[in-house]
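Peer 1: Dropping a prediction and its sequence here:
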Amino acid sequence: MRLRMPFGRRKELPSHLWTQCPDCGETLFNKQLARNMNVCPKCDHHFKVGARERIELLVDKGSFVEHDAGLVSGDPLSFVDMKPYPQRIEAARLKSGAVDAVITGSARIGRGPVELAVMDFEFIGGSMGSVVGEKITRAAERALGSRVPLVVVSASGGARMQEGTLALMQMAKIVAALGRLSDAGIPYISVLTDPTTGGVLASYGSLGDVVLAEPKALIGFSGARVTDQTIGERLPAGFQRAEFVMAHGFIDQVVPRPQLRDRLAFFLAALRPRETDAKWAL
């Protein structure tokens, strides 16, 4: 005897097999979505990806060597909101599988050496605390010492309130390190993904010699509602999306994820310091 579902009842699709695109509503097979770099094949919606996955998509296979993996956040303010800060950190580690909101290391992109920092939005919204600031600063210092380009991929809601002024100080620290790179003529490429906001955008996110962004990425200092209330005007359609921001001269190119690695390789080759020519030939 064949069992029949009661009339009118819809069978729920298992979430580990399928994902519904939030833009077009298409139901996507997860394995197919992964093969397409987590980009919807129907409407090109770019799903968020974690830092580890992002690194695999960008660097030459097997070339990434992680640095400063052992840096962990302290609790300098004994901060408590809904829960104590150490508990929030531990919950974020379990959820994201990361130690903090950025992964840094040395790698090759298009056979060229780079220092790389990739932020992870799954870890407390990619917020910038003292560990994020220290790791990106060290990545910039390694780039300066080795005279190789620096690439930072941002995905952040801004500074981490649980560390207060210590988090805000990281903006100045990273910017100072980037200034030393600029003085030495070493390229820095900034890649903005969805979302890049707050103190990250206000500092190193916007300072690249080349600034790239993924399609439709949210890019802005504050949320649209706060901005609207502050300036007292109705915001135009698409405000703070990558395409709008590029049209107003804030970023250089909007690059779909499947093309991002090759585009980075192009700019890195065009901008590389002469001293690294021999490293590119290896």
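Peer 2: Sure, I can see it. Everything numeric here is computed off the predicted structure, so don't read it as measured data. Numbering: from 1, shown residues only.

Peer 1: any idea how this protein splits into domains?
Peer 2: Here the domain parsing of the chain from automatic domain parsing is 13-47, 49-280.

Peer 1: What sits closest to Phe121 if chain neighbours are left out?
Peer 2: Spatial nearest neighbour of Phe121, chain neighbours left out: Ala155 (4.2 Å); criterion: Cβ to Cβ, 6 or more residues apart in numbering. The C-beta positions use only the backbone N, C-alpha and C, and glycine is treated the same way.

Peer 1: neighbours of the one you found, just the number please.
Peer 2: Number of residues near Ala155 (other Cβ atoms under 10 Å) recorded here: 31.

Peer 1: ok but it is inside a strand, no?
Peer 2: Yes: counting by DSSP: H, G, I helix; E, B strand; the rest coil, Ala155 is found in a strand.

Peer 1: what residues are up against it?
Peer 2: Contact partners of Ala155, counting by Cβ atoms under 8 Å, 6 or more residues apart in numbering, are Lys48, Met119, Asp120, Phe121, Gly126, Thr193, Asp194, Pro195, Thr196.

Peer 1: please redo it, this time with the cut-off set to 10 Å
Peer 2: Counting by Cβ atoms under 10 Å, 6 or more residues apart in numbering, Ala155 touches 48-51, 54, 101-102, 118-123, 125-126, 191-197, 200, 205, 214, 217-218.

Peer 1: Can you say which of the domains of the chain is packed in most?
Peer 2: Highest mean neighbour count among the domains of the chain (mean count of other Cβ atoms under 10 Å): domain 49-280, with a mean of 19.

Peer 1: So which of the contacts of Ala155 belong to strands?
Peer 2: With DSSP state E as the criterion, strands contain Val102, Val118, Met119, Val191, Leu192, Thr193, Asp194, Pro195, Thr196, Thr197 from among the contacts of Ala155.

Peer 1: got a markdown table for the residues you listed, with pLDDT too?
Peer 2: Shown next, in a markdown table, are the ones in strands among the contacts of Ala155 (pLDDT from 0 to 100):
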| residue | pLDDT |
| --- | --- |
| Val102 | 98 |
| Val118 | 98 |
| Met119 | 98 |
| Val191 | 98 |
| Leu192 | 98 |
| Thr193 | 98 |
| Asp194 | 96 |
| Pro195 | 96 |
| Thr196 | 96 |
| Thr197 | 94 |
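
Peer 1: Out of the residues you listed, flag the one nearest to Gly25.
Peer 2: Distance to Gly25 across those (Cβ to Cβ) is lowest for Asp194, with 18.7 Å.

Peer 1: Leaving out sequence neighbours, find the closest residue to the closest one.
Peer 2: Ala217 (4.0 Å).

Peer 1: pretty sure that neighbour is touching Val211, no?
Peer 2: No: in this structure Ala217 lies outside contact range of Val211 using Cβ atoms under 10 Å: 11.5 Å.

Peer 1: so what sits against both of those two?
Peer 2: With Cβ under 10 Å, 6+ apart as the test, Ala217 and Val211 both reach Ser154, Val191, Leu192, Val245, Ile251.

Peer 1: got a markdown table for those, with distance to Ala269 too?
Peer 2: Output for the shared contacts of Ala217 and Val211, formatted as a markdown table (distance: Cβ to Cβ, whole Å):
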| residue | distance to Ala269 |
| --- | --- |
| Ser154 | 22 |
| Val191 | 16 |
| Leu192 | 21 |
| Val245 | 26 |
| Ile251 | 20 |
